[in-house]
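> Sharing a sequence plus its predicted fold:
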Amino acid sequence: MDSFINQYGFLIVQMVLQAVLALSLYLPLMAGQLSLASPAFYAVGGYVAAVLSTQKFLPPAGTVFPEPVQSLVIWLATVFPGAQDGLYPAGLVVLEMLIAGLISGVLALMVGFPALRLRGIYLALATIAFVEIVRVLSLNLPVTGGAIGIFNIPQPFHTKFEYLWIAGPLILLSVWFVARLERTRVGRAFAALREDELAATAMGINPTYHKVLAFTLGAVLAGMVGVVSAHFLNTWNARQGTFDLGVLVLAYVVIGGARTFAGPVLGALLLTALPEVLRAVAGLPGLPTWLTEFLREGRLIIYGILIAVGTVFFPQGLLTPEIFTRRRRPPGIQDSGAGETAPTEVS
Amino acid sequence: MMKVSLRLRIAFLVLLAISLTSIPAVFAQDATEEAPPVELTGEPVRIGFAVAESGGSSLFGQEQVIGAEIARDYFNDHGGINGRPIELVFQDAASDEAGAINAFQTLISSDVVGIVGPTLSQQAFAADPLAEEAAVPVIGPSNTHPDIPGIGDFIARVSAPVTVVAPNAVDAALALNPDVETVAVFYAQNDAFATSETVVFQAYVEEQGLTLLPVQTFQTTDTDFTTQITNVLPSEPDLIIISGLAVDSGNLVRQLRELGFAGPIVGGNGLNSTNMFTVCQALCDGIILAQAYSPLAEGEINQALVEIYEEEQGRTPGQFTGQAFAAVQVFVEALRALDDEVGLDTLELADLRVQLNETLLGLTYEDTPLGTISFTEDGDIVQAAYFVAQIEMSEDGTEGSFVLLPSAEEEAE
């Protein structure tokens, strides 16, 4: 077991982090907004962590913050275990997460109001543009270290697997939050907006408020994942949180299923693990040489084929709400599809 | 809508679950290579090789894999590790940080004695600390950032940092054109290497007492450089220095010449590629470059490498190939020395890794594709000679080659 954790500890935490990132993209999607902005907030969160931990908190030179704040920082540094033997205090990572969440949230409000006036593919394009703006800024701002980025980010743990102490609660809390959200008034308002914005507005749902709310919640989550990832990867640069990541995270949601919170989580876990599973399969003893060669050289081809096959056979994703409701649907309530018939006459 | 039965979903998940559960079996053995030549006997000595075989940097990784494979075959033909065959265990580090960490982790958990990789400095900052923590010697084949050897005791590299290589080209240009007074610098601001290289160039230009015109930036994806060129040409620079990648720099050189710049051009490491010839064709002629590796360098091993590479690939090897070969060679020679000294069989894997690291840092490698090299205490490369080359194009611009210039050090002798 030890050697398993040694080898796959990084992968397990990576899977969890990607799952939270998938949730951050799922949140705006709950309200029917296809936004690819998550990577931008992820990148911002990473830079917040990188800058704060390498330059601001606990600098050798002494205090950088005015007094009450600095005392809070010092207190946080000691209240959690981990401050011993040269490790970076985990409490400060949590503080960084709060700060990054706040910054991402404010940024999301600023971007959200104008961007969410756009719909569908235009919104997706606008958010891609935002991702690009963040990338170009991080290449050019002196504080972000240019193309090489910021490295030697202090580690709060000895091994990568121990990051589960942060990533584990993060995913449990966010899953719990999103699962609860789906059952509250706000969550139902999101669903109503997703199904039909016009009808939802007619029922008294404020579309702008709810769309921006969903977008901002996703941004906060992405910012927090960025913080953990920066420490986790030990380095942060402009190649993190680019459009490529946006496409990958979208694939998690599409493969896993975009109608329930469990879909993105499952999709992220599977798709993050898959390339490494294929790498491991290629290393199995006793396989014929040609198969080993093919698995080793062509594992990304297999990965691509599995994604394609997945989308063909499960166009709604692997998990759909019907799977969960099948057994305990109250009598008299139909599938969600039933609601789609009415609005066509209105429009 | 296409209805998919629950059963089918479960079957798909079960299938994936089965492949997941097969992970632990990997500890038994790692990806194996083909059988070694017959004359070698005994358990092969495994060296990990994790470079970018996929993703945006895979063009570099591909050259590195070729260099490593040539090195493996060459040294296996020349006795292996005192009779034991050398085996390379390849793991794709992809072009991102997570990929490098996964590849390194797989190798660290396997029975390799050391690791060559990864391709990019950014990846090294992410993955090298893991090897340091696990006490596995790492040799960076192409990590040029100044802070790489400082990551730890087990981290060394055979790629000379830009701070050492770049000034040689400026020296050569000044030797050829003693009247140079004003210098214009261009660089690709979205490329990590170009941005760190240009800092070295600029500092060196100012150190030489030359006048530096306002620095011009571009993107590696740019094709039109008119704005930047018209910004500097009115100030009549005597020398232009470019840090970028092959294609963008090729276009930049072409447009510089077309807009009337006739003076000398110094190129950074990114221009050190035959891929540029097709872009600026006859206008590439005369560009001066500093190289950490030259296929023209004499030395038995380098010439053997060039011969095998040309036979297999039909072109001359570049820096990535030469440095990857040298990285494998360092491990091979250190393993031989360690075997002579204490015997590899007598050591447990963990001990072997630690002692191998000590041995390899202490040796001097007389004949590598990079010439004579050794390491500082920190693990940075000490390279006896660098190369300065000038591009020579045929009249019609279809054929080009690098011609070695005498380096400044040699002239001084």
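Cool, got the structure. Numbering: from 1, shown residues only, chains lettered A, B, ... in the order given.

> shaky segments in the chain?
Let's take chain A. A:1, A:58-68, A:77-85, A:326-347 (pLDDT under 70).

> meant chain B actually
Along chain B, segments meeting pLDDT under 70 span B:1-8, B:10-38, B:407-413.

> how is it carved up into domains?
Domain ranges of chain B: B:30-159+B:298-379, B:163-291+B:387-412, per automatic domain parsing.

> list the buried ones in stretch B:82-92?
Neighbour-count burial for stretch B:82-92, with 16 or more other CB atoms under 10 Å in any protein chain shown as criterion, is recorded at B:82, B:84-92. C-beta here means a position set from N, CA and C on the backbone, and glycine is covered the same way.

> any bit of the longest helix along chain A sitting next to chain B?
Secondary structure of chain A per DSSP state H: the longest helix is helix A:2-30. Yes. For helix A:2-30, a contact with chain B is found by CB under 8 Å from any CB of the partner chain, at A:3-4, A:6-11, A:14.

> Quick check: phi and psi on residue 115?
I went with chain A, as the question did not name one. Dihedral pair for A:Ala115: phi -70, psi -40, per degrees, to the nearest 10.

> Actually, chain B is the one I wanted.
Backbone torsions for B:Ile115, taken as degrees, to the nearest 10, come to phi -130, psi 140.

> Quick check: bridge partners of it?
B:Ile115 forms beta bridges with B:Gly48, B:Val138, as assigned by DSSP bridges.

> Please list only the buried members of the residues of helix A:2-30 next to chain B.
With burial judged by 16+ other CB under 10 Å, the buried subset of these is A:6-11, A:14.

> From those, pick the one nearest chain B.
Closest approach between those and chain B, by CB to the nearest CB: A:Gln7, at 4.0 Å.

> Surely the closest one is in contact with B:Gln105?
Yes. Using CB atoms under 8 Å, A:Gln7 is in contact with B:Gln105, at 5.6 Å.

> Can you get me a residue count around B:Ala282?
For B:Ala282, the tally of surrounding residues (other CB atoms under 10 Å in any protein chain shown) stands at 15.

> how much space between it and B:Asn102?
Per CB to CB, to the nearest Å, B:Ala282 is found 46 Å from B:Asn102.

> next one: B:His78
Applying CB to CB, the value for B:His78 to B:Asn102 is 33 Å.

> More neighbours: those two, which one.
Higher neighbour count among B:His78 and B:Asn102: B:Asn102, with 25 against 10, using other CB under 10 Å.

> Now do the contacts for the residue nearest to that one when sequence neighbours are not counted.
Spatially, and ignoring its direct neighbours in sequence, B:Asn102 is nearest to A:Glu276 (5.7 Å; CB to CB, 6 or more residues apart in numbering or on different chains). Each residue near A:Glu276 by CB atoms under 8 Å, 6 or more residues apart in numbering or on different chains is listed here: A:8, A:11, B:102.

> how about the helices in the stretch 1-150 of chain A?
Taking DSSP state H, counting those that start in this stretch, the helices of the stretch 1-150 of chain A run over residues A:2-30, A:38-51, A:67-79, A:90-115, A:120-140.

> list the helices and strands the fourth one packs on?
What that stands for is helix A:90-115. helix A:38-51, helix A:67-79, helix A:120-140, helix A:164-181, helix A:207-233 (3 or more CB pairs under 8 Å, 6 or more residues apart in numbering or on different chains; DSSP states H and E).

> about what we covered before: out of the contacts of A:Glu276, the closest to A:Leu137 would be?
Nearest to A:Leu137 among the contacts of A:Glu276, counting by CB to CB, is B:Asn102 at 29.1 Å.

> Can you list the helices and strands that the helix or strand harbouring that closest one packs against?
Assessed by DSSP states H and E, B:Asn102 sits inside helix B:97-109. Here helix B:97-109 touches helix A:2-30, helix A:207-233, helix A:262-282, strand B:115-116, helix B:121-134, going by 3+ CB pairs under 8 Å, 6+ apart.
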